[in-house]
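1. the following block contains a protein sequence and its predicted model.
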Number of protein chains: 2
Amino acid sequence: MTSGRRIGAPDAKNRGVLLDAAERLMLEEGYAAVTSRRLAERAGLKPQLVHYYFRAMDDLFLEVFRRRAEQGLKAQAQALDSAQPLWSLWRLVTDPATSRFMMEFAALANHRKSMRAEIAHYAERFREEQWRTLATALARYDADPETMPPMVWSVLFTSLSTVLVMEQGLGMSLGHAETIEVVERYLRRLEGEPNL
Amino acid sequence: MTSGRRIGAPDAKNRGVLLDAAERLMLEEGYAAVTSRRLAERAGLKPQLVHYYFRAMDDLFLEVFRRRAEQGLKAQAQALDSAQPLWSLWRLVTDPATSRFMMEFAALANHRKSMRAEIAHYAERFREEQWRTLATALARYDADPETMPPMVWSVLFTSLSTVLVMEQGLGMSLGHAETIEVVERYLRRLEGEPNL
DNA sequence: GTCTATAATCAGATAGAC
DNA sequence: GTCTATCTGATTATAGAC
């Protein structure tokens, strides 16, 4: 009754190759393009190998997500640790790859329930960390926490970058420049001109 | 050389049934769940009928999108025409169905290039219209157009509602209440207490 | 431990029957 | 004008060969 199917070692070379290829494929063509065949083709491997290294496609997606989310948390910690946390964070979240990644997985979560909890978990960790650092930074700048609490800053940054990137992806830009202008003017007032 | 395949009349009853079912299925389970088979099952019809009424799945998606987008434009025009355009617009965009719909199609556009231009076109019409109405409304309230131009209002509303809905879909709510609080405090200052 | 041959299922599409 | 029988190809997954 025990299944004859076995799964490849977690540190096998080709497993990493597949994860890398899956990530690129997903960013370039959307999660729906990540099928065992197209992925294998990209990676220069046989389609069956995908199923050898990952019990189900969900496991593949989950691991692509975790890997990159952990990287993202590190990058964010570094950004928030700088002398100009607001500018650093703004630069980080407006990097298209960051938002594209999160959006793609949020869409994926719509019909892969197995991913929902995982994505929500990381999204909360990102926000939590942003919130803590912004709280100290904003206090330093004497920004009124009533008008714009640190938590709201965090939500606002995330929201703006997500939608700007999404719309850019559609080839749309109406209102983008003006919005970025308003945000950056605000940042300048609080944190001065960006260094670098 | 002429194809033997024919396409059903645009006003046939079952065609409408399919469009309605496709829209519901898409909102509930994501666009990837809309296949000819699952759609037909939902609609209580045979899978082949999907291909009879729509030359390709893209045509189906396109029509679902157009129908609802046109409805949305009407609803928005109505909202913006009210005595409290800011409140009305805020209520409209924070309706989960609105954002869910746009997000789902934005994700779809990632790997169905045929949809990109169409979605961008409508998104711009929405923004354009919001902008024009907000410009008059904000002028009436003596809001400083330098601090927050009407166009930026429009981008901000869209961004916030999109991401709040997206995160809610993941079961996440960290920072949501505080953000809504800040927005509504601002609206109250400009437009007074919401009537109704 | 790594990979392949192959099964089982499901998807999109079309020619032709009523 | 409406629908169905059916083809072609893709996709996930597994048992078993090296």
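-> On my side now, so go ahead.
2. so what's residue A:76 scoring on pLDDT?
-> At residue A:76, the model reports a pLDDT of 96.
3. check which helix or strand it maps to.
-> helix A:57-80 (DSSP states H and E).
4. OK, contacts around residue A:49?
-> A:8, A:14, A:18, A:40 (C-beta atoms under 8 Å, 6 or more residues apart in numbering or on different chains). Just so you know, the C-beta spots here come from the backbone N, C-alpha and C atoms, and that holds for glycine as well.
5. related to what we said a few turns ago, name the helices or strands packed onto the helix holding residue A:76?
-> helix A:13-29, helix A:47-53, helix A:85-93, helix A:96-109, helix A:113-140 (3 or more C-beta pairs under 8 Å, 6 or more residues apart in numbering or on different chains; DSSP states H and E).
6. and for the residue lying closest to residue A:157 once chain neighbours are set aside, the neighbour number?
-> Among residues not flanking residue A:157 along the chain, residue A:93 sits closest, at 5.2 Å (C-beta to C-beta, 6 or more residues apart in numbering or on different chains). Using other C-beta atoms under 10 Å in any protein chain shown, residue A:93 has 23 neighbouring residues.
7. residue contacts, residue A:93?
-> A:99, A:157-158, A:160-161.
8. which of the contacts of residue A:49 has the largest number of neighbours?
-> residue A:18 (26 neighbours).
9. which residue packs closest to that one, ignoring adjacent ones?
-> residue A:43 (5.4 Å).
10. burial measure for residue A:145, as a count.
-> With other C-beta under 10 Å as criterion, residue A:145 counts 13.
11. for it, give me its contacts.
-> A:138-139.
12. what do you get for the one 10 residues further on?
-> For residue A:155, the contacting residues are A:127, B:160, B:163-164, B:175-176, B:178-179, by C-beta under 8 Å, 6+ apart.
13. using TSV, lay out those residues together with secondary structure, pLDDT and neighbour count.
-> Output for those, formatted as TSV (DSSP: H, G, I helix; E, B strand; the rest coil; pLDDT from 0 to 100; neighbours: other C-beta atoms under 10 Å in any protein chain shown):
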residue	secondary structure	pLDDT	neighbour count
A:127	helix	98	19
B:160	helix	98	26
B:163	helix	96	26
B:164	helix	97	22
B:175	coil	98	24
B:176	helix	98	17
B:178	helix	98	17
B:179	helix	98	21
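14. correct me, but residue A:187 touches residue A:87?
-> Yes. The pair residue A:187 and residue A:87 qualifies as a contact (C-beta atoms under 8 Å) at a distance of 5.8 Å.
15. so these two - more neighbours on which side?
-> Per other C-beta under 10 Å, whichever of residue A:187 and residue A:87 has more neighbours is residue A:87, with 21 against 17.
16. any regions of chain A where pLDDT drops low?
-> Applying pLDDT under 70 to chain A flags residues A:1-3.
17. what residues does it have near DNA strand D?
-> A:3-6, A:34-38, A:47-48, A:51-52, A:55-57 (C-beta under 7 Å from any atom of the strand).
18. most neighbours out of those, which is it?
-> residue A:34 (23 neighbours).
19. thinking again about what came up before, now, which of the residues of chain A next to DNA strand D lie close to DNA strand C?
-> Answer for the residues of chain A next to DNA strand D near DNA strand C (C-beta under 7 Å from any atom of the strand): A:6, A:48, A:51-52.
20. what's the most distant pair in the residues you listed?
-> Farthest apart among these by C-beta to C-beta are A:6 and A:48. That separation is 12.8 Å.
21. and residue A:173, its phi and psi?
-> Main-chain torsions, residue A:173, degrees, to the nearest 10: phi -150, psi 10.
22. my guess is it contacts residue A:166. True?
-> No. Judged on C-beta under 8 Å, residue A:173 makes no contact with residue A:166 at a distance of 11.8 Å.
23. which one of these two has more residues nearby?
-> A count of neighbours by other C-beta under 10 Å puts residue A:166 above the other of residue A:173 and residue A:166, at 25 against 12.
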